[in-house]
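>>> kindly return the folded structure for what I paste below:
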Amino acid sequence: MKYTMIIACMCRLLLTVTLQAQTVKPSNNPLDVPLGDPFILFDAPSETYYLYGTGGTENGFVAYKSTDLKSWEKQGVVYDAKQDKAWGTKDFWAPEVYAYGGKFYLFYSAHWKDNPTNELENYRIGVAVADQPAGPFIDRDGEPLFDPGYPIIDANVYFSDDGKLYLYYSRCCYKHPVKSAIARWAKKQGWYEEIEESWVYGVELAPDFSGIRGKPKLLLRPPTTLEDQQAEWESRSVTNREVNRRWTEGSVLFKHQDSYYMMYSANHFAGEHYAVGYATAKHPLGPFKKSAFNPVLQKNTDKGGIVSGTGHNSVLQLRDGRRLCVYHGRTTATGDQRLVFIDEMTITPAGKLIVNGPTTRTATE
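The predicted model follows:
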């Protein structure tokens with residue numbers, strides 16, 4: 001009981017630190033930060049924001065820092081796989097960093113070197129720790145956090161009010177063909193023999209980040225029928241003949257009043273149709289119901305804009321309660337290079353989540 005109370009107090013302290021982030025406006029979009037899957041940590045003692053993401057170095061991660069969310073200074077490599085405890089060999093993706101118990105913990109995805117059957121996508125989730133938000137981060141155990149028996153990516157951690165911790169991740173599409181109306185339709189067109197899917201799972205996380213508690217629970221997946229109102233936008237990678245896969249990935253959880261909001265990304269991360277939706281629940285492990293207003297963030301090139309491929313977001317909550325949607329996208333000027341965007345997001349009194357983006361204008365104080 002005493003240990004549970006200590007963990008609960010630490011979680012409340014972490015939430016307080018998050019809420020005490022400076023009241024600022026988003027900067028110009030896109031930022032001059034060439035990363036995908038962006039995540040921002042606010043370090044209260046230094047009054048500094050740290051931005052992490054996919055890219056910037058080979059087999060590792062870099063960080064940028066800012067005091068105003070406008071001007072960003074590169075900090076160099078904060079995690080490098082050239083270390084004794086490294087278990088990953090390539091494809092280092094989706095870093096998220098959490099301040100916890102006086103340390104900083106980096107959750108990330110990578111290709112596991114333990115690969116006796118030579119799988120092409122042998123991804124797992126790892127945890128590295130550092131004394132400072134700019135690292136260096138050192139792997140905790142020399143192996144992944146856990147092995148569910150299938151490839152997984154995109155870790156996100158939620159610190160519950162009751163002291164429990166929850167881990168969310170995405171099962172990869174790799175070798176995961178799923179029967180659905182879209183799969184039958186694509187086969188009838190002569191396009192694809194099968195459609196692989198990625199699904200979002202959640203599970204309780206051990207308080208010391210040493211592993212998971214219980215069995216992972218399926219929370220979100222692409223729709224199986226054409227009548228489902230999510231089917232059109234979550235199937236665009238297939239219907240536009242980009243690839244024989246449908247994704248549900250890049251999940252992030254936060255609480256608003258008495259509801260849990262899970263934002264997630266669908267479609268091919270390298271394509272123009274990458275977009276964000278959300279679902280709500282009354283418990284961190286669901287059941288979740290997808291919003292009728294999805295997608296809440298998507299390309300605007302079909303409406304005269306210059307942004308596409310918007311997705312894999314994180315959420316930064318400011319001291320005044322406002323939330324910022326931090327995501328990556330591409331522009332007609334920058335081509336395939338993913339860049340970081342920050343836009344404000346709101347939730348109406350009726351509970352509707354709105355992302356005010358993608359924008360490419362200058363936000364003023």
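>>> give the burial count for Lys70, as a bare number.
Each residue near Lys70 was counted by other Cβ atoms under 10 Å, and the total is 16. (C-beta placed from N, C-alpha, C; glycine too.)
>>> surely it touches Asn28?
Yes. Between Lys70 and Asn28 there is a contact under Cβ atoms under 8 Å: 7.4 Å.
>>> what's the burial count for Asp139?
22.
>>> ranges for the helices of this structure?
For the chain, the helices defined by DSSP state H occupy 2-19, 181-188, 231-234, 236-239.
>>> centre of the chain to the third one, how far?
It refers to helix 231-234. 20 Å (Cα atoms, centre = their mean, to the nearest Å).
>>> name the helices or strands packed onto it?
Judged by 3 or more Cβ pairs under 8 Å, 6 or more residues apart in numbering; DSSP states H and E, helix 231-234 is in contact with strand 275-281.
>>> what lies in contact with the strand it packs on?
Where contact means Cβ atoms under 8 Å, 6 or more residues apart in numbering, the residues beyond strand 275-281 that reach it are 219-220, 230, 233-234, 236, 250, 259-267, 287-291, 294-299, 310-311, 313, 325, 327, 351, 353, 355.
>>> quick check, central residue of this protein?
Closest residue to the average C-alpha location of the chain: Gly250 at 3.5 Å, with Cα atoms, centre = their mean.
>>> my read: it touches Asn267, true?
No. The criterion here is Cβ under 8 Å, and Gly250 misses it with Asn267 at 10.9 Å.
>>> list residues touching both of those two?
Gly311.
>>> any idea how far Leu167 lies from Thr310?
Using Cβ to Cβ, to the nearest Å, we find Leu167 at a distance of 25 Å from Thr310.
>>> then Asp154?
16 Å.
>>> since we're on Thr225, how many residues are nearby?
When neighbours are defined as other Cβ under 10 Å, Thr225 has 10 of them.
>>> what residues are up against Cys173?
Contacts of Cys173 (Cβ under 8 Å, 6+ apart): Glu196, Glu197, Ser198, Arg245, Arg246, Trp247.
>>> let's go with 6 Å and repeat that
Glu196, Glu197, Ser198, Arg245 (Cβ atoms under 6 Å, 6 or more residues apart in numbering).
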